[in-house]
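[1] Return a 3D structure for these sequence lines:
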Amino acid sequence: MSSNCLFCKISSGEIPSQKIYEDEHVFGFVDIHPQAKIHLLFLHKKHTANINEMSTDPKAIAQMFHGIAEYSKSCDLATNGFRVVTNLGADGGQSVFHTHFHILGGEPLGHFGRR
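    Residues are numbered from 1 along each chain as shown. Predicted coordinates:
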């Protein structure tokens, strides 16, 4: 845990959130600025700054996607599909520097990356 990290404080319960998933390694909660009907954030409890840093720990990545899969199957989110997005760096749109994945769904989503 990083003492100054917003998401570390949320996953530890120091800052309240609308928790939707938790296991030994992963924490999931509702995004307070939704970009889709369903917009969730999943993060690993072990602090890493971004996906490149997390990539040195393949087990952590597997734990993240296991948590996302468990949650999505438990609430039928996987039935119609969803999108998983992570941002890296300021140009990539990362605003909290704790590796996290956005889960977007609950409605048809447009094609990603088209202008």
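[2] Name the residues of the helix or strand bottoming out on mean pLDDT in the chain that are buried.
    Scoring the helices and strands of the chain by mean pLDDT, DSSP states H and E places helix 77-80 at the bottom, with a mean of 90. For helix 77-80, a neighbour-count test (16 or more other C-beta atoms under 10 Å) marks residue 77 as buried. Heads up, the C-betas are built off the backbone N, CA and C, glycines and all.
[3] And for that helix, what's in contact with it?
    Applying C-beta atoms under 8 Å, 6 or more residues apart in numbering, the contact partners of helix 77-80 are 38, 69, 71, 72, 103, 105, 106.
[4] can we see that at 6 Å?
    72, 105 (C-beta atoms under 6 Å, 6 or more residues apart in numbering).
[5] What's the first helix or strand after it?
    Counting by DSSP states H and E, the next helix or strand C-terminal to helix 77-80 is strand 82-85.
[6] Just the residues contacting the longest helix seen in the chain, thanks.
    Under DSSP state H, the helix in the chain containing the largest number of residues is helix 58-74. If you take C-beta under 6 Å, 6+ apart as the criterion, helix 58-74 is touched by 21, 23, 25, 26, 28, 42, 44, 46, 54, 78.
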